[in-house]
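> Task: produce atomic coordinates for the following.
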Amino acid sequence: MRSISARAPLALLLALPLLAGCLERGRSPIAESMGDDDQYCQAGGKVAVGSPDYVACRKNRDVQRQNAEARTDRRQRDLGEYMMNNPDRH
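Residues are numbered from 1 along each chain as shown. Model prediction:
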């Protein structure tokens with residue numbers, strides 16, 4: 001019979017993919033698809049970090065990201081409501 005110390009690495013190995021999923025929590029696919037805000041707002045080195053144009057660009061990117069996430073959340077909620085209200089259609 002195997003000892004407890006021999007089972008621990010096996011249990012950890014099996015739990016590792018589940019723990020890796022926890023690390024991705026909080027990362028938005030929308031944020032990743034928009035790319036690097038810093039690089040985008042510097043416009044290839046033409047705009048200095050901290051300048052009014054740079055700050056306005058970063059704020060604009062944040063608003064765009066928030067709006068895109070709100071649209072995605074709304075679509076997901078609407079789909080769930082549709083599925084609850086029309087159980088015979090899927």
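> Poorly predicted segments of the chain, please.
Low-confidence segments of the chain, defined by pLDDT under 70: 1-6, 8-14, 16-35, 89-90.
> can you pull out the helices in it?
4-24, 29-34, 37-42, 52-85 (DSSP state H).
> what separates residue 41 from residue 68, distance-wise?
17 Å (CB to CB, to the nearest Å). For glycine as for every other residue, the C-beta is placed from the backbone atoms N, C-alpha and C.
> and those two? which has more neighbours close in?
Under the criterion of other CB atoms under 10 Å, the comparison of residue 41 against residue 68 puts residue 41 first, with 19 against 16.
> contacting residues for the more buried one?
Applying CB atoms under 8 Å, 6 or more residues apart in numbering to residue 41 gives the contacts 47, 54, 57, 58, 61.
> and of those, the nearest to residue 75?
Nearest to residue 75 among those: residue 61, at 21.3 Å, using CB to CB.
> Name the nearest residue to the closest one, sequence neighbours excluded.
Sequence neighbours aside, residue 37 is the residue nearest to residue 61 in space, at 4.8 Å (criterion: CB to CB, 6 or more residues apart in numbering).
> quick one, what contacts that neighbour?
Contacts for residue 37 (CB under 8 Å, 6+ apart) come out as 57, 58, 61, 62.
> now do residue 62
With CB under 8 Å, 6+ apart, residue 62 has these contacts: residue 37.
> do you know how far it is from residue 69?
11 Å.
> same question, residue 57
19 Å.
> now the end-to-end length of stretch 42-54.
Separation of the first and last residues of stretch 42-54 by CA to CA, to the nearest Å is 7 Å.
> who touches it?
Here stretch 42-54 makes contact (CB under 8 Å, 6+ apart) with 38, 41, 57.
> Pretty sure the last one sits against residue 40.
Yes. Under the criterion of CB atoms under 8 Å, residue 57 is in contact with residue 40, at a separation of 7.3 Å.
> Looking at the two, which is more packed in?
Between residue 57 and residue 40, residue 57 has the larger neighbour count (other CB under 10 Å), namely 18 against 14.
> List the contacts of the more buried one.
37, 40, 41, 47.
> between those residues, which is nearest residue 76?
When the contacts of residue 57 are compared for distance to residue 76 (CB to CB), residue 37 wins out at 24.4 Å.
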